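> Could you look at this predicted model? Sequence included:
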Amino acid sequence: MFGFTIEFNGVTDYLKNKSLFKFTYIDRTGEKEFTSEEINIFQYTPKLFVYRSIIKYYDTDYMTLDYGKKGSKVKWVVSGPVKIVQKDDHFISAEGIRGYAVLKLKGLIPNGEDIRVYAAAMGHTYSTIIKYVERLPHVMLYPKYENYCRVSNSSLILKDKER
């Protein structure tokens, strides 16, 4: 009896979770067919981790698409008042066979809309909305000094113009 090994180098349809193999071989008695039992294929199910659900003007935030197959493509689509600082287009290696991809964002001048992020990888799609919070200085008025006001997050004192 001869033994043999068959090697596969990739899965193209990540949504398949079982496979069955059929082989035709020639025996001394003629041609025979062999059908394997169902083989379970390792399932990659990426998950999107969003670290904060709000972002402020010029703050930096990031999210991770984790538990993917290293080397597989990742597509990010971002809209809203934000700049992309870092964007991984493929899952990069982590421990073992698991990979991850990072998207790092920086808030820009607000325009009244929230930030929408879409990610697609390995047959799965994800979306999330990050609320944009405007960071405006808080102005306190002092009753004793009617012509002055002070901005609370700085030491600047502004004099009110006379009318």
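Structure's in. What do you need? Numbers count the residues shown, from 1 in each chain.
> For this protein, which residues score under the pLDDT cut-off?
Across the chain, the ranges flagged by pLDDT under 70 are 1-4, 8-11, 14-15, 94-96, 134-163.
> Mind giving me the packing neighbours of the strand or helix carrying residue 31?
For residue 31, the element it lies in under DSSP states H and E is strand 30-35. For strand 30-35, the contact count by 3 or more Cβ pairs under 8 Å, 6 or more residues apart in numbering; DSSP states H and E identifies strand 22-27 as packing neighbours. Just so you know, the C-beta spots here come from the backbone N, C-alpha and C atoms, and that holds for glycine as well.
> So which elements touch the strand it packs on?
Packing contacts for strand 22-27, counted by 3+ Cβ pairs under 8 Å, 6+ apart, involve strand 30-35.
> Tell me the first helix or strand C-terminal of the strand it packs on.
strand 39-40.
> who does that next one pair up with?
Note on strand 39-40: by DSSP bridges, its sheet partners are strand 18-19 (antiparallel).
> now what about the partner strand, what contacts it?
Contacts of strand 18-19 from elsewhere in the structure, counted by Cβ atoms under 8 Å, 6 or more residues apart in numbering, are 38-41.
> This structure: helices as residue ranges?
Counting by DSSP state H, the chain forms no helices at all.
> Show me the residue at the heart of it, geometrically.
Nearest to the mean C-alpha position of the chain, counting by Cα atoms, centre = their mean, stands residue 65 at 3.9 Å.
> which residues touch that one?
Contact criterion Cβ under 8 Å, 6+ apart gives 46-49, 74, 91, 100-103, 119, 121, 126 as the residues in contact with residue 65.
> Go again with 6 Å.
46, 48, 74, 101, 119 (Cβ atoms under 6 Å, 6 or more residues apart in numbering).
> still on that earlier bit, ok, residues contacting the strand holding residue 31?
Counting by Cβ under 6 Å, 6+ apart, the neighbours of strand 30-35 from elsewhere in the structure are 22-25.
> wait, which of these is closest to residue 131?
Each of those was checked against residue 131 using Cβ to Cβ; the closest is residue 22, at 53.6 Å.
> That closest one and residue 62: what is the separation?
In this structure, residue 22 and residue 62 are separated by 47 Å, where distance is defined by Cβ to Cβ, to the nearest Å.
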